[in-house]
Structure formats: C-alpha cells, structure tokens
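Q: Quick check, what structure comes out for this input:
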Amino acid sequence: MRGINTFETYKAIIERVASEEHKPDAVIATGDLVQDETRQGYERFKNVIQKLNVPVHCIPGNHDSPRIMAEILNKPPFQFCGSTVYENWCIIMLNTAVRWDDGGGLESSQLEILERTLKAHPEHHTLIGMHHHPIPMGSRWLDGLGLRNSDDLFTIIDQHTQVKAITWGHVHQASDRERKGVRMISTPSTGPQFLPDSDTFIMDTKPPGYRWLNLFPDGSIETELIWLS
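A: Below is the predicted model of the structure:
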C-alpha cells in the first residue's frame, strides 16, 4: 500500500510489542485488518498476533469483511466486537462498518448494545473502541468519511459519566483531544500514515506505529506512541 508492505510492518510491530519489557494485558485492533476481505488475510493476521498470547479485541473497518472476521476472530483469545470487563474497567467494541461506504455509522442495534452495557456497568470506568472517527480531524477529505451519526453516539455517552475515552483507527494518524471530559484518541496505522490537517489526500512521512494505553484504577489514562524506526 503506497509503497509499504503492510504485512511486513504489521509483523515488525508485533515483534516489537513482544520484545517490550512490559507485556500488554490485551490488544485493541481498531479495524481495516485486511484490505482484500479474504479469509487467508484474516488467518495471517491471526497467526501473527496470537503469538502475544493475550486477548485481542477486534472490530471491522470499511475495508474489512465483518462476516469473515466474525467467523475467524471470535474464539479465544479473539473477540469480535462486544464488551469485556478488566478489573474495574469495561471495554466496549462497536461495529461502525457500513457496506459500500468508506464512512461509518452505528446501527440501532449497536447503539442499543452501547446503552445497555453502560447501564449494566455504572461503576466501571469505560473505554469505547470503534473504527471511524466520531469528531472532526481537521482534514476536509477525511472528515467526509467519519462516523455519520456521531450525534446518536454522543446522546448516549453524555448520559454516562463512567465513559473515560473513545479510541479509533481509520484516520492513519495520532491525536489526543477531549470532549466534555472524555478523551478522544486516534491511533496510528501499522502501515502508512495520512498527513494531518490536509484538505486533500496526502501521505505523511511518519513511519508505522502503535499506541499503548495504560488504564488506571482511578479512571485515569496514560498513553504513549511508538513509531517503528
């Protein structure tokens, strides 16, 4: 993709994570795991990342096949969408993929899952993962491909103070902002990056990367970006 062998950079990042002194408790894979929607692609993704031997929470992006993902990446240690509790944190993974649309949307069923899960865990700090960005990134071309019904999302979020952060992929760039006390965090791609704040599609010179999220018992979050040299 754009001159980068994305499978090789993906493997290099997993090897880097595996070599870290502190191992992750889980991985959040925020979509576009496979470009060509093939079963073989998801098998390759699975074979590489399962070497970390930790839970892997997966959601589909606009280039994924949700059906194939659900077949291959929904048995331990993999989980397709849904929610999980880690001590006093709840992780909710939402499907924003819309067939034949590079932009995203939350169907009524996903909104119902979100509201039901938040009501069931009022005492748990909550991190929500999705593929499409729910707030503008400042790039005209990219913001036309974001979450198209973000108002529906925030109508629910604003009623539940335990939500501490929303994180997403899709935008191929890192950002960390805040909306009404909720962290809004995008993560870089394990492949090429997009130039931030550009009205037109331009590739950035930043290398492949990933993001650490440290979730603390008091609801605070520390995060760090790692870029491949």
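
Q: gap between the residue nearest to the spatial centre of the chain and Ile166?
A: Among the residues of the chain, the one closest to the centroid is Thr30, at 2.5 Å (Cα atoms, centre = their mean). As defined by Cβ to Cβ, to the nearest Å, Thr30 lies at a distance of 11 Å from Ile166. (C-beta placed from N, C-alpha, C; glycine too.)

Q: Next: Trp141.
A: Trp141 is 22 Å from Ile166, by Cβ to Cβ.

Q: repeat for Leu195
A: Leu195 is 23 Å from Ile166, by Cβ to Cβ.

Q: of the two, who's got more company?
A: Between Leu195 and Ile166, counting by other Cβ atoms under 10 Å, Ile166 is the more crowded of the two (25 against 16).

Q: All the helices of the protein, residue numbers only.
A: All helices of the chain, identified by DSSP state H, fall at 6-19, 39-49, 66-72, 108-120, 140-143, 150-157.

Q: And the ones you listed: which comes nearest Arg99?
A: helix 66-72 (8.6 Å; Cβ to Cβ).

Q: Quick check: mean pLDDT of the closest one?
A: Average pLDDT, helix 66-72: 96.

Q: Check stretch 122-131 too.
A: Mean predicted lDDT for stretch 122-131 stands at 98.

Q: Would you mark the buried spots in it?
A: Using 16 or more other Cβ atoms under 10 Å as the burial criterion, the residues of stretch 122-131 that qualify are His124, His125, Thr126, Leu127, Ile128, Gly129, Met130, His131.

Q: Disregarding residues adjacent in the polypeptide, which is nearest to the first one?
A: Right, the one you point to is His124. Cys90 (4.0 Å; Cβ to Cβ, 6 or more residues apart in numbering).

Q: can you check the last one too?
A: With Cβ to Cβ, 6+ apart as the measure, Gly31 is the residue that lies nearest to His131, at 3.3 Å, once sequence neighbours are left out.

Q: do Pro196 as well
A: Gln173 (5.0 Å).

Q: how close does that neighbour get to Leu142?
A: Gln173 is 9 Å from Leu142, by Cβ to Cβ.

Q: where do the contact lists of those two overlap?
A: Phe194 (Cβ atoms under 8 Å, 6 or more residues apart in numbering).

Q: Tell me who's in contact with the residue nearest to Pro196.
A: Met137, Ser186, Pro188, Gln193, Phe194, Leu195, Pro196, Asp204, Lys206.
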